[in-house]
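>>> here is a sequence with its predicted model. Questions after.
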Amino acid sequence: MTAQDKILHVANKLGLTSLKDMQGSTGAVYDVDTDLSGQIFASATRHQNPSITNLTQNEFEVNEALLIENIAFYVLDQETDEVSNFQVQYGSDAIITYDLKIGNKVVMKNTPVFAVGSPFTFANTGTTVATVPNIGAVNTVLPRHQTFMEGAGILIPPQVQFSIDYRIFNMVTGAIIAATSAKSIGCYLFGTRVLLNFNTSI
């Protein structure tokens, strides 16, 4: 089943018959927890700023939807607007666990995202480069602060609110790590998006 098939299947269940006439394309939405509340996307309407979010609300319009294929986390320094990866700011012992909520349902619960691992996320920069004897400069640490859902995407349907609740822990000690304005957590939802464009390409 393709991404388009999944979107159309959910649309038919919801009675959105005109969705088949829309155009599908790659899309992404992002937001930053500027309030340090542990929630992302929930307060997107309060800070409509391209450096922070590309949303005006945490729900899509009629006949607009997103099939999530990748969830990626990053860090934004609110004072300098610099974006960096999770590992650089929180260390290799850090882990994010998050819940993805769509409507009043939790569709992903306590999903872990580790500061270290592979592959390197598309949204961030800052690999650790070290000199290894007899090898030279190599990328020894590739942050994997993302969740891939290839072939099993989750659909955010039109006019349904969505948000992410997250927590940051130290994997070694189990202690909760508090976010600060210099280490604000942001998130991308990346995948196939249906747009308000009357074509029949989907």
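Cool, got the structure.
>>> going forward, measure contacts between C-alpha atoms and count neighbours the same way
OK.
>>> need the contact list for the residue nearest to Thr34 when sequence neighbours are not counted.
Once flanking residues are discounted, Thr34 sits nearest to Ser184: 6.2 Å by Cα to Cα, 6 or more residues apart in numbering. Neighbouring residues of Ser184 by Cα atoms under 8 Å, 6 or more residues apart in numbering: Val32, Asp33, Thr34, Leu36, Val75, Leu76, Asp77, Gln78.
>>> Arg167: which of the residues you listed is nearest?
Leu36 (10.7 Å; Cα to Cα).
>>> sheet partners, orientation included, of the longest strand seen in the chain?
Longest strand in the chain by number of residues (criterion: DSSP state E): strand 184-198. Using DSSP bridges, the strands paired with strand 184-198 are strand 22-32 (antiparallel), strand 65-76 (antiparallel).
>>> want to throw these into TSV with distance to Leu155?
Compiled in TSV, the strands paired with strand 184-198 are given as follows (distance: least, Cα to Cα, whole Å):
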stretch	distance to Leu155
strand 22-32	13
strand 65-76	4
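>>> just put those strands in CSV and tack on mean pLDDT and mean neighbour count.
Shown next, in CSV, are those (pLDDT from 0 to 100; neighbours: other Cα atoms under 10 Å):
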stretch, mean pLDDT, mean neighbour count
strand 22-32, 78, 19
strand 65-76, 87, 24
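>>> so which of those strands gets nearest Thr53?
Closest approach to Thr53 among these is made by strand 22-32 (4.3 Å; Cα to Cα).
>>> just the residues contacting the following helix or strand past that closest one, thanks.
Next along the chain after strand 22-32, taking DSSP states H and E as the criterion, comes strand 39-40. Strand 39-40 is touched from outside by Asp31, Val32, Asp33, Ser163, Ile164, Asp165, Tyr166, Gly186, Cys187, with contacts defined as Cα under 8 Å, 6+ apart.
>>> swap the cut-off to 10 Å and go again
With contact meaning Cα atoms under 10 Å, 6 or more residues apart in numbering, strand 39-40 is reached by 30-34, 58, 98-100, 162-167, 185-188.
>>> what's the pLDDT at the residue nearest to Thr34?
Predicted confidence (pLDDT) for Ser184: 93.
>>> which positions within stretch 104-113 qualify as buried?
Pro112, Val113 (16 or more other Cα atoms under 10 Å).
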